[in-house]
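K.L.:
how does the following fold in three dimensions:
(one chain, ligands or ions: 1)
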Amino acid sequence: MDQKGGGVMDPILTARGLTKRYGKVTALDHCDFELYPGEILAVIGDNGAGKSTLIKALSGAVIPDEGEIRLEGQPINFASPLDARAKGIETVYQTLAMSPALSIADNMFMGRELRRPGMMGKLFRMLDRPQMERIAREKLSELGLMTIQDINQAVESLSGGQRQGVAVARAAAFGSKVIILDEPTAALGVKESRRVLELILDVKARGIPIILISHNMPHVFEVADRIHIHRLGRRLCVIDPKQYTMSDAVAFMTGAKLPEGAEAA
Ligand SMILES: Nc1ncnc2c1ncn2[C@@H]1O[C@H](COP(=O)(O)OP(=O)(O)OP(=O)(O)O)[C@@H](O)[C@H]1O
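P.N.:
Below you'll find the model as predicted:
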């Protein structure tokens, strides 16, 4: 059943019956999932509920044992995160996957460097630094991240919030269809978290849907359009944050209360 817009919109990303076992542990147990165009979908759940495994399966980092994933209606079988990236699913992990000693521009283009013909013509193509710097500057400024002064500044010299910003801008910059953010505010202070939440809303305003994994209920309730509650390896329900309180969500998550009237999985 469509959970959004009374059946008007088709989901951009779906999963049906996703299952992943690690020996005797079932990390994902016939899990369903939907992400709709333009929305921020938060995924919450207790420790060990299977949230990371779910996003890893959606981003090609884990290959599910069973189940089906569809992107824009087409079945997909990612063999690796690179595969998922090539299809427009960008994931920003807590570790950010950046090289601290390299510059902002280098990090933004890591793995997709732009090249131009060198002195020897087409055989020896060299990095097109001016172009990469120009685009990096443009992308950061589009997302209001121009508190960063110098695009050649090493990432290690940035604050935690600025680093998170660069990672999100990188994800948003490359024709993404879906951005997955894993605990983007977990390591940040109040002010930096605020900036990152604004950035998440900016990315949404640019029409890119976001999956936000977070344990921070105030942040989730502030930005999410819908909340996928994950419990014991599967989706327990999806709730509208305007209709439930944070304590309801925590009670559902921990099994203290069952969702009433929520869309059961
Ligand atoms: N590579 C692995 N090998 C063995 N077990 C794993 C592996 N990855 C996850 N698990 C197990 O699968 C279950 C789900 O883990 P997962 O990390 O997906 O949960 P989570 O909801 O993201 O938890 P947290 O909020 O604590 O990060 C846990 O019991 C975990 O121990």
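K.L.:
pretty sure His230 is touching Lys51, no?
P.N.:
Yes. Using Cβ atoms under 8 Å, His230 is in contact with Lys51, at 5.2 Å. Any C-beta I mention is one placed from the backbone N, CA and C, and that applies to glycine too.
K.L.:
what touches both of these two?
P.N.:
Common contacts of His230 and Lys51 (Cβ atoms under 8 Å, 6 or more residues apart in numbering): Val43, Ile44, Gly45.
K.L.:
the first one against Arg226, yeah?
P.N.:
No. Applying Cβ under 8 Å, one finds Val43 not in contact with Arg226, separated by 10.0 Å.
K.L.:
more crowded one of these two?
P.N.:
Using other Cβ atoms under 10 Å, the more surrounded residue of Val43 and Arg226 is Val43, with 27 against 18.
K.L.:
any idea how far the more buried one lies from the ligand?
P.N.:
According to Cβ to the nearest ligand atom, to the nearest Å, Val43 stands 9 Å off from the ligand.
K.L.:
could you list everything that residue pairs with in the sheet?
P.N.:
Listed beta-bridge partners, Val43: Ile213, His228 (assigned using DSSP bridges).
K.L.:
contact partners for it?
P.N.:
Neighbour list for Val43: Lys51, Leu54, Ile55, Ile211, Leu212, Ile213, Ile227, His228, His230 [criterion: Cβ under 8 Å, 6+ apart].
K.L.:
then Leu143?
P.N.:
Residues near Leu143 by Cβ under 8 Å, 6+ apart: Gly165, Val168, Ala169, Ala172, Leu199, Asp202, Val203.
K.L.:
try Thr185
P.N.:
Counting by Cβ under 8 Å, 6+ apart, Thr185 touches Gln164, Glu192, Ser193, Val196, Leu197, Ser214, Asn216, His219.
K.L.:
am I right that it is in a strand?
P.N.:
No. Assessed with DSSP: H, G, I helix; E, B strand; the rest coil, Thr185 is coil; it does not lie in a strand.
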